[in-house]
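Visitor: Quick one: sequence plus predicted model below, questions after.
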Amino acid sequence: MDDSLYTILDLSDFSKAFDRILHQLLIHKLRPLNVTDHTLKRFTSYLADRCQTVADKGGTISDWISTSVGVPQGSVLGLLLFPIFINDLPQVLRFSRHMIYADDT
């Protein structure tokens, strides 16, 4: 701004970020991190065959459905897997200065 250059601020909060992670893409992103095949199988097993349900304010619970997206929130691994999933974001944002904290950029 002092040099009369354009300054743009973009704040992004990924809506339901933890719920939208594709399991197969996450496993694909683990490979370049020198994760062993055995560990990849463990992560795949951890994410596979997951089901979820939703309860409304009145306590009524929906039917269980299987899901191939999302990391379990509130789990220790969920806190590890989400940053791994977005750790290549700085390569895409290479013409900007940015800060990443959890699901906020």
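Guide: Yep, it's here. Remember, predicted model here, so these are calculated numbers, not experimental data.

Visitor: Which stretches in this structure count as helices?
Guide: 23-30, 37-47, 76-86, 89-92 (DSSP state H).

Visitor: Could you save these as a markdown table and add columns showing mean neighbour count and distance to A102?
Guide: (C-beta placed from N, C-alpha, C; glycine too.) Converted to a markdown table, the helices of the chain look like this (neighbours: other Cβ atoms under 10 Å; distance: least, Cβ to Cβ, whole Å):
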| stretch | mean neighbour count | distance to A102 |
| --- | --- | --- |
| helix 23-30 | 15 | 16 |
| helix 37-47 | 13 | 19 |
| helix 76-86 | 15 | 7 |
| helix 89-92 | 10 | 12 |
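
Visitor: closest to S68 out of these?
Guide: Of all those, helix 23-30 sits nearest to S68, with 5.3 Å by Cβ to Cβ.

Visitor: what angle do the closest one and helix 37-47 make?
Guide: 150 degrees (axes from the mean of the first three to the mean of the last three Cα atoms, to 10 degrees).

Visitor: Excluding its own residues, what touches helix 23-30? List them.
Guide: 39-40, 43-44, 47-48, 68-69, 71, 81, 84-85, 87-88 (Cβ atoms under 8 Å, 6 or more residues apart in numbering).

Visitor: for stretch 4-18, same thing?
Guide: Contacts of stretch 4-18 (Cβ under 8 Å, 6+ apart): 1, 20, 70-71, 73, 78, 82, 102-105.

Visitor: can you give me how far it is from the chain middle?
Guide: 17 Å (Cα atoms, centre = their mean, to the nearest Å).

Visitor: Pull out the buried positions in that stretch.
Guide: For stretch 4-18, the neighbour count (16 or more other Cβ atoms under 10 Å) marks 17-18 as buried.

Visitor: For the most centrally placed residue in the chain, give me the pLDDT.
Guide: Computing the C-alpha centroid of the chain and ranking residues by Cα atoms, centre = their mean puts F82 first, at 3.6 Å. pLDDT, F82: 82.
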